[in-house]
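Engineer: Quick one, what's the 3D model for this:
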Amino acid sequence: MKVLVLILTLAVCIWVVMSQGKRREKRIHNKIKSMGGKVITIERSTFLAGTGPFKVVSKGRVVYRVVYTIDGEEKEGWARFGGILGADWRL
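Structural biologist: Predicted coordinates:
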């Protein structure tokens, strides 16, 4: 019985983490679309790969690097999620 509860808890935790990532990516797509652009790539940035323009990235915050186009011009932007005040956009 304890093993079953552990497995179910682990499954729920994995589901929550995966759904947060999808929700964040959807917010990025919506933000770029509202600016009149189209997303080319979104990649989650790790501490070792760099945090872009953000000097401090504390525990619980996630940084995404976004490549997008607006009027045929390719641009790079960054989004940080997990703060008290919501997403921090550098597009």
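Engineer: residue ranges of the helices in this structure, please?
Structural biologist: If DSSP state H is used as the criterion, the helices of the chain fall at 2-34.
Engineer: remind me which residues of this protein are low pLDDT?
Structural biologist: Under the criterion pLDDT under 70, the flagged ranges of the chain are 46-50, 56-57.
Engineer: The same query, at a cut-off of 80, please.
Structural biologist: Counting by pLDDT under 80, the low-confidence segments of the chain come to 17-19, 46-52, 54-60, 83.
Engineer: What's opposite the nearest residue to E76 once chain neighbours are set aside in the beta bridge?
Structural biologist: Of all residues beyond its chain neighbours, the one nearest E76 is V67 (5.5 Å), with distances taken as C-beta to C-beta, 6 or more residues apart in numbering. Glycine gets a C-beta too; all of them are placed from N, C-alpha and C. Beta-bridge partners of V67, counted by DSSP bridges, are T41, E76.
Engineer: so who does V67 touch?
Structural biologist: By C-beta atoms under 8 Å, 6 or more residues apart in numbering, V67 lies in contact with V39, I40, T41, E74, K75, E76, G77.
Engineer: Now for D88, how many residues are close by?
Structural biologist: Residues lying near D88 (other C-beta atoms under 10 Å) number 15.
Engineer: State whether D88 and G77 are indeed in contact, as I suppose.
Structural biologist: No. Using C-beta atoms under 8 Å, D88 is not in contact with G77, being 11.2 Å away.
Engineer: what's the burial count for S19?
Structural biologist: For S19, the neighbour count with other C-beta under 10 Å is 10.
Engineer: Ok, T9 next?
Structural biologist: 10.
Engineer: Check the gap between it and W15 for me.
Structural biologist: Counting by C-beta to C-beta, to the nearest Å, the gap between T9 and W15 amounts to 11 Å.
Engineer: Quick check: the gap between E74 and K59.
Structural biologist: E74 sits 33 Å away from K59, going by C-beta to C-beta.
Engineer: Which of these two has more residues huddled nearby?
Structural biologist: Neighbour count, other C-beta under 10 Å: between E74 and K59, E74 has more, with 10 against 5.
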